[in-house]
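Trainee: what shape does this take:
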Amino acid sequence: MQCLFKSYTLFKILIKYILANALLAFGLIVSAQPQSNSEIDKFSSLSFGMDYMGDYNVNGRVNTQASQPNLTSMASYFHKSGFDISFMYTNIWNSDETYTQATQETDLSLGYSAEITNWLNGMASYSHFIYSDNSNSFRSNYKHLVSASLFSEVNWWLADVTVGYYSGRSNELFSSFETGVLFEFDDFLKKDNSLSIEPMVMINMGDIGYYDAQAYTDYRFAYGFAKSFPQLTAGEFLSIIDNPQTYREKNISDRLQNQPDKIDKLRELSDDTVLWNMFEEKSTFNLNNIGFTIPIYYYWSDFMINIGFSAFKPINQPSYVEEEWSSYANFGLTYFMSW
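Mentor: Predicted structure coming up:
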């Protein structure tokens, strides 16, 4: 999920930037009333935070098999030169092969951000992902992420564009664009505290090769049969499992009858889904979802509370993927210190 930022003070710039790393989002920050870095004393910072999300989101995509709530713990260091390093540990529920048990993910991110003009900032980053052995989360096919972003804020208008590349068992080039408005309330509830609300709309583009990897993970047991009978549908395969006729059919039926979770996965597909279509290479770069998010940030002393709501609609998906809206909420707390 991408988080967008405001920056009336450098403190707010840094704390939102750190939160963005905790959520594995990549964005850039400038001031609505432009202030160059020479006008604000630069400083280094260290932060700690936790964030809970109602589902696991990768560029606007969520797992179609199960909802995957997750809790992220984060520690981040930002140097006044613009370099940063972040460490994140995430527990993801319903993310093993059966979608009933939790798995864990550890992320290490390195980045650099710089002011390009007084209204435009840029950032480049690299992230490495490590997963527990039983992980089947939506992003577990990726081990590396390289990305670059530009962010602009002019008065009340925000815009952010990001280009990135995932690599690992599956590779994916993607780009995203977000734009929205900024509402800020100073001295909210108490003097020197502030509240900001930043409703955004977004589009995400990329290929859909990740569905190949997801199909191999979720339906590997059907691969051999689907390859031999490329017109076989999910409904026909279920009938074979229930009423096997040949030796090969009896063999796979006996094996799957002892693994009801795999049969349940088949039943979740539409009966007319052609199984082999799920394993064919899909690498067309295209618009793949649209969405909106409403993040809210409240600052007091050295703390920040964030809450938000996000919703996405898939577009240009394979025939067996339902193009329905998905949504989730998130909330978190970050503590920030500087020197």
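
Trainee: next helix or strand past the strand or helix carrying Phe225?
Mentor: Here Phe225, judged by DSSP states H and E, is contained in helix 223-228. Beyond helix 223-228 on the C-terminal side, the first helix or strand identified by DSSP H and E is helix 234-242.

Trainee: gap between that following helix and the chain center?
Mentor: What separates the centre of helix 234-242 from the centre of its chain is 34 Å, taken as CA atoms, centre = their mean, to the nearest Å.

Trainee: what is it packed up against?
Mentor: With contacts taken as 3 or more CB pairs under 8 Å, 6 or more residues apart in numbering; DSSP states H and E, helix 234-242 sits against helix 223-228, helix 247-257, helix 260-267. Yep, even glycine has a C-beta here, placed from its N, CA and C like the rest.

Trainee: mind doing that once more with 6 Å?
Mentor: In terms of contacts (3 or more CB pairs under 6 Å, 6 or more residues apart in numbering; DSSP states H and E), helix 234-242 is packed against helix 247-257.

Trainee: just checking, what packs against the helix it packs on?
Mentor: With contacts defined as 3+ CB pairs under 6 Å, 6+ apart, the secondary structure elements packing on helix 247-257 are helix 234-242.

Trainee: partners of the most centrally placed residue in the chain in the sheet?
Mentor: With the centre of the chain defined as its mean C-alpha position, the nearest residue by CA atoms, centre = their mean is Val58, 2.7 Å away. On the basis of DSSP bridges, Val58 is bridged to Arg61.

Trainee: averaged pLDDT, the helix holding Phe225. What do you get?
Mentor: Taken as a whole, helix 223-228 has an average pLDDT of 90.

Trainee: now do it: everything it contacts.
Mentor: Helix 223-228 is contacted from outside by 232, 275-276, using CB atoms under 6 Å, 6 or more residues apart in numbering.

Trainee: what pLDDT does the residue nearest to the centre of the chain get?
Mentor: For Val58, pLDDT reads 86.

Trainee: test my guess that it contacts Asn141.
Mentor: No - here Val58 does not reach Asn141: they are 9.8 Å apart, not a contact under CB atoms under 6 Å.

Trainee: among the contacts of helix 223-228, which one sits closest to Ile197?
Mentor: For these, the minimum distance to Ile197 (CB to CB) is 46.0 Å, reached by Leu275.

Trainee: kindly provide the distance from the nearest residue to that closest one once chain neighbours are set aside to Thr334.
Mentor: If you skip the residues right next to it in sequence, Leu275 has Ala226 as its closest partner in space, 3.8 Å away by CB to CB, 6 or more residues apart in numbering. When CB to CB, to the nearest Å is applied, the distance between Ala226 and Thr334 equals 47 Å.

Trainee: and for Pro199?
Mentor: Taking CB to CB, one finds Pro199 at 21 Å from Thr334.

Trainee: ok, the two, which is more surrounded?
Mentor: For Pro199 and Thr334, the more surrounded residue by other CB atoms under 10 Å is Thr334, and the numbers stand at 23 against 16.

Trainee: low-confidence regions, the stretch 1-150 of the chain specifically.
Mentor: Applying pLDDT under 70 to the predicted model, the residue ranges of the stretch 1-150 of the chain that meet it are 1-41.

Trainee: okay, now Glu153: neighbour count?
Mentor: Each residue near Glu153 was counted by other CB under 10 Å, and the total is 26.

Trainee: and it, how far is that from Phe309?
Mentor: Counting by CB to CB, the separation of Glu153 from Phe309 is 22 Å.

Trainee: so what are the sheet partners of the helix or strand harbouring Met74 and their directions?
Mentor: Element membership for Met74, per DSSP H and E: strand 70-78. Each strand pairing with strand 70-78, determined using DSSP bridges, is listed with its direction: strand 45-53 (antiparallel), strand 83-92 (antiparallel).

Trainee: from the chain's centroid, how far away is the longest one?
Mentor: Spelled out, it's strand 83-92. Between the mean C-alpha point of strand 83-92 and the mean C-alpha point of its chain there is a distance of 14 Å (CA atoms, centre = their mean).
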